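Q: sequence and computational prediction follow.
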Amino acid sequence: MSEIDYEKLAEIELQKDEAEDTQSELEETYVSPPLEDPELNINHPYYDVARHGIIQLAGDDNSGRKVITFSCCRMPPSHQLNHTRLLEYLKYTLDQYVENDYTVVYFHYGLKSLNKPSLKWLQTAYKEFDRKYKKNLKALYVVHPTNFIKILWNIFKPLIRHDENLRRKQKGKLPPVVKVPPPRPPLPTQQFGVSLQYIKDKNKGELIPPVMKETVSYLKSKGLQVEGLFRRSASIQTIKDVQKLYNQGKSVNFDDYHDIHIPAVILKTFLRELPQPLLTFECYDHVIGITSVESSLRVTRCKQIVQELPEHNYVVLKYLICFLHMVSQESLYNRMTASSLACVFGLNLIWPSKGTASLSALVPLNLFTELLIDFYANIFNSRTVPGEILP
């Protein structure tokens, strides 16, 4: 038997789908959905696509992974939506989360011939999503798949490792109730998951946490010109091992791991595991409001917000941003501009006290971070603290 030409089948199925729903669609008029998220505004770099609500952050699943949804029923007709921009926006969205495990839910219902992307666009999209996007993608759920989707599935092959063990456990019986012991107090040498004040008290008053000082120093000496610095992931087990060493007060030699991205991920992990974000919960609403400030006054507003930080937070933030400014100055080699770094560090510097930041909140969060990096000298030039150091 000859090999099935799935691409040819997909083209036939596409034509068949279009023939079946063309008549009904001629009688329909698409109405762009209203803005459901008040934080989305016209300054969003992908406002033309984002306003439709096609791509959304739905929250966390039972395993604590971010869930991104793609709803075809929200897609306007093709002549009203630039599919190239849609692909760019999808990548822009995923870039916020690909450093950690995440899940994608694709709702196929509502995709018709009027708004359906071309097969060529789908092939382009598949090629665009390289290992960076696939590595931590733990589940892909397709809701209401048609024959067209089933054929595409065979063309592109599975992109996802489904968590079979987890799913089997969920389908099985509930585990027996186990008495959970009370949480242990942190070690005196603890670095991850404890406050800046705790680390300072246990390190003879040093303002900069040892893990931050060591990762920044290593990256400054060996990583400034590494392409994609802070964008690449690293072995989860290795990261856990390094965290354990730091928490136990043992020395870490990053040369032993032969991977410059390990100290980069460790630095981001340290910031993300702080009990309170470096920019503090109190500053969240102020940071979100940066897009409402006139462009010429935004740097001044950033400076005001930063000046209001507690002294310790200010010193650590200044140390970090000074280093990120150095990284951005080498963007010709590392491809990490202030904007790129902001996409990586925005959610690691601040998050809401309850729930998670919405997709539209990422625009002001990233803009604020980008301004900090670009205008570092201006924003941090008027406040000095005894004992502070710079990279």
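A: Ah, there it is.

Q: name the helix or strand for the closest residue to Ala357 other than its chain neighbours, please.
A: Excluding its sequence neighbours, the residue lying closest to Ala357 (C-beta to C-beta, 6 or more residues apart in numbering) is Trp351, at 5.6 Å. Bear in mind the C-beta positions are built from the backbone N, C-alpha and C, glycine included. According to DSSP states H and E, Trp351 maps onto no helix or strand at all.

Q: pull the contacting residues for Trp351.
A: 277, 284, 357 (C-beta atoms under 8 Å, 6 or more residues apart in numbering).

Q: low-confidence regions, the stretch 101-250 of the chain specifically.
A: The stretch 101-250 of the chain contains residues with pLDDT under 70 at 145, 147-183.

Q: am I right that Tyr92 is in contact with Tyr47?
A: No - using C-beta atoms under 8 Å, Tyr92 is not in contact with Tyr47, being 11.9 Å away.

Q: from what I see, Asn100 and Leu94 are in contact.
A: No - contact status for Asn100 versus Leu94: not in contact, 11.3 Å apart, counting by C-beta under 8 Å.

Q: more neighbours, these two?
A: Set Asn100 next to Leu94 and count neighbours by other C-beta atoms under 10 Å: Leu94 wins out with 19 against 16.

Q: now do the same for the more buried one: its pLDDT.
A: Reading off the confidence values, Leu94 has pLDDT 87.

Q: got it, and the one 4 residues further on?
A: Reading off the confidence values, Val98 has pLDDT 83.

Q: tell me the spacing between it and Leu122.
A: 20 Å (C-beta to C-beta, to the nearest Å).

Q: out of those two, which sits in the busier spot?
A: Val98 (21 against 18).

Q: please state the backbone phi and psi of the more buried one?
A: The phi and psi values for Val98, taken as degrees, to the nearest 10, are phi -70, psi -10.

Q: distance check, it against Leu317.
A: Taken as C-beta to C-beta, the span from Val98 to Leu317 is 25 Å.

Q: now Val104
A: The gap separating Val104 from Leu317 is 33 Å, by C-beta to C-beta.

Q: which one of the two has more residues nearby?
A: Neighbour tally, Val104 and Leu317, criterion other C-beta under 10 Å: the higher count belongs to Val104, 22 against 19.

Q: state the helix or strand in which that one lies.
A: Using DSSP H and E, the element containing Val104 is strand 102-107.

Q: next SSE after that strand?
A: Next along the chain after strand 102-107, taking DSSP H and E as the criterion, comes helix 119-128.

Q: which secondary structure elements does that following helix sit against?
A: Under the contact criterion of 3 or more C-beta pairs under 8 Å, 6 or more residues apart in numbering; DSSP states H and E, helix 119-128 touches helix 6-26, helix 83-94, helix 147-156.

Q: need the contact list for the closest residue to Asp48 other than its chain neighbours.
A: Among residues not flanking Asp48 along the chain, Arg85 sits closest, at 6.4 Å (C-beta to C-beta, 6+ apart). Each residue near Arg85 by C-beta under 8 Å, 6+ apart is listed here: 46, 48-49.
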